[in-house]
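Participant: give me the fold of what follows.
(2 chains)
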Amino acid sequence: GAVVSQHPSWVICKSGTSVKIECRSLDFQATTMFWYRQFPKQSLMLMATSNEGSKATYEQGVEKDKFLINHASLTLSTLTVTSAHPEDSSFYICSASQLLGGQGTDTQYFGPGTRLTVL
Amino acid sequence: DAKTTQPNSMESNEEEPVHLPCNHSTISGTDYIHWYRQLPSQGPEYVIHGLTSNVNNRMASLAIAEDRKSSTLILHRATLRDAAVYYCILSRGSGYALNFGKGTSLLVTP
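Facilitator: As a prediction, the model looks like this:
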């Protein structure tokens, strides 16, 4: 199956600093990537939809100036958490969408996630 | 978006078949039924998807009711590594994000 990587897998930072998370589709090109976050014992919540070469679409309640998304190529999207605070501590997960010929729907492949802890 | 309903948790013995149900009574004609699972501290993993016909792959089988208002994910022989949260999700097509509900937490006991 298709592989999506995330880097780093975990990060601890001080309050007020910025953290960049990379998401790469390793063996396929993804025109659309998604960013989710997951708090303990909760389900995944969509943060934003990212299309290559265009601005990301953010979900209601997600601050676009705080969570900067760049989708520079068909295999790379980055999420930067700016001026991180303890309430931003969460598990951040990206996914990349692959549409195969003959399939009426795409399949999303997820990265392993990034555990962010803000002190 | 059409919603899905799944039991909060299920338990199975190792090497026994597991049938995970999902109700989606408001499914539209263009909605695909997707199943993903998430192991602890990992990103979700694609399991299977279908539209109208039953589907089989190396991981599982998907049985879809004739009226499409429900479906069942079948793990033919549960292993300890199948212990995870299983999500049944409806998706309209390509380019749409997945709406994760609470899923079913599957416990597999030896």
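Participant: got any ranges where chain A has weak pLDDT?
Facilitator: Where chain A drops to pLDDT under 70, the residues are A:1, A:101-104.
Participant: quick one, strands of it?
Facilitator: A:4-7, A:10-13, A:19-25, A:32-38, A:45-51, A:57-58, A:67-73, A:76-81, A:90-98, A:107-110, A:114-118 (DSSP state E).
Participant: who wins for proximity to residue B:31 among these?
Facilitator: Nearest to residue B:31 among the strands of chain A is strand A:107-110 (15.1 Å), distances taken as CB to CB. To be clear about C-beta, it is placed using only N, CA and C from the backbone, and glycine gets the same treatment.
Participant: pull the CA atoms of the closest one into PDB?
Facilitator: Output of strand A:107-110 as PDB, limited to C-alpha atoms (Å, rounded to 0.1, in the frame of the first residue of the first chain):
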ATOM      1  CA  THR A 107      -8.200   6.300  -0.600                       C
ATOM      2  CA  GLN A 108      -6.600   8.300   2.100                       C
ATOM      3  CA  TYR A 109      -3.300   7.100   3.500                       C
ATOM      4  CA  PHE A 110      -2.300   8.400   6.900                       C
END
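Participant: quick check: which element contains residue B:94?
Facilitator: Per DSSP states H and E: residue B:94 is located in neither a helix nor a strand.
Participant: contacting residues for it?
Facilitator: A:32, A:97, A:99, A:104, A:105, A:106 (CB atoms under 8 Å, 6 or more residues apart in numbering or on different chains).
Participant: for the third one, give me its contacts.
Facilitator: Looking back up the chat, that one is residue A:99. A:105, A:106, A:107, B:94.
Participant: and it, how far is that from residue A:112?
Facilitator: According to CB to CB, to the nearest Å, residue A:99 and residue A:112 sit 22 Å apart.
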